[in-house]
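Asks: Fold the following, please.
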Amino acid sequence: MLKGDPSEACRKRYEQKLDRINALESYMKGLSDEQLRGKTEELRGRVMKNAGEGDGPVDQKAVFTDDIVCEAFALVREGALRAIGLRPFDCQVIGGLVLHEGEIAEMG
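Replies: This is a model prediction of the structure:
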């Protein structure tokens, strides 16, 4: 017999990352549009550095560290707010995190 709400278990699994993303919100709001674009380039550079220059398979966990993932999601959230005037809800951010990890996310 299954116990508990699976949605609640998923939320708890990603709660720490979501808290880090939310904590970056005021920082991202303080950036100009140009600085926001620069932050994108900075993150891209960090990902490329982590990927290295080898020809072998890339370890996704090593490339997309939690720091990079949290900053990227905070950046996208702020970008969406500025571009279309809508701020993704926490549950949508969690859905994105689930998809980023290669899992299936069912959004209601």
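
Asks: ok, now how distant is residue 44 from residue 38?
Replies: Distance of residue 44 to residue 38, computed by CB to CB, to the nearest Å: 11 Å. (C-beta placed from N, C-alpha, C; glycine too.)

Asks: what does residue 28 give?
Replies: Going from residue 28 to residue 38 by CB to CB gives 12 Å.

Asks: of those two, who's got more company?
Replies: Shown here are residue 28 and residue 38; by other CB atoms under 10 Å, residue 28 has more neighbours (20 against 12).

Asks: so where's this protein uncertain?
Replies: 1-2, 54-56 (pLDDT under 70).

Asks: Please enumerate the strands of it.
Replies: In the chain, no strands are defined using DSSP state E.

Asks: So which residue is dead centre in it?
Replies: The centre of the chain sits closest to residue 73, judged by CA atoms, centre = their mean, with a distance of 3.0 Å.

Asks: Just list the residues touching that residue, thanks.
Replies: Residue 73 sits next to 17, 21, 93, 96, 97 when contact means CB atoms under 8 Å, 6 or more residues apart in numbering.

Asks: My guess is the third one contacts residue 77. True?
Replies: Going back to what we said before, that points to residue 93. Yes: applying CB atoms under 8 Å, one finds residue 93 in contact with residue 77, separated by 6.7 Å.

Asks: Between the two, which has more neighbouring residues?
Replies: residue 77 (23 against 20).

Asks: if I look at the more buried one, how far off is residue 39?
Replies: 12 Å.

Asks: Find residues that contact each of the two.
Replies: When CB under 8 Å, 6+ apart defines a contact, the residues bordering residue 77 and residue 39 alike are residue 28.

Asks: This structure: helices as residue ranges?
Replies: Using DSSP state H, the helices found in the chain span residues 6-23, 25-29, 33-51, 60-63, 66-84, 90-100.

Asks: want to throw those into TSV with distance to residue 108?
Replies: Shown next, in TSV, are these (distance: least, CB to CB, whole Å):
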stretch	distance to residue 108
helix 6-23	9
helix 25-29	24
helix 33-51	30
helix 60-63	28
helix 66-84	20
helix 90-100	9
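
Asks: out of those helices, nearest to residue 107?
Replies: helix 90-100 (5.1 Å; CB to CB).
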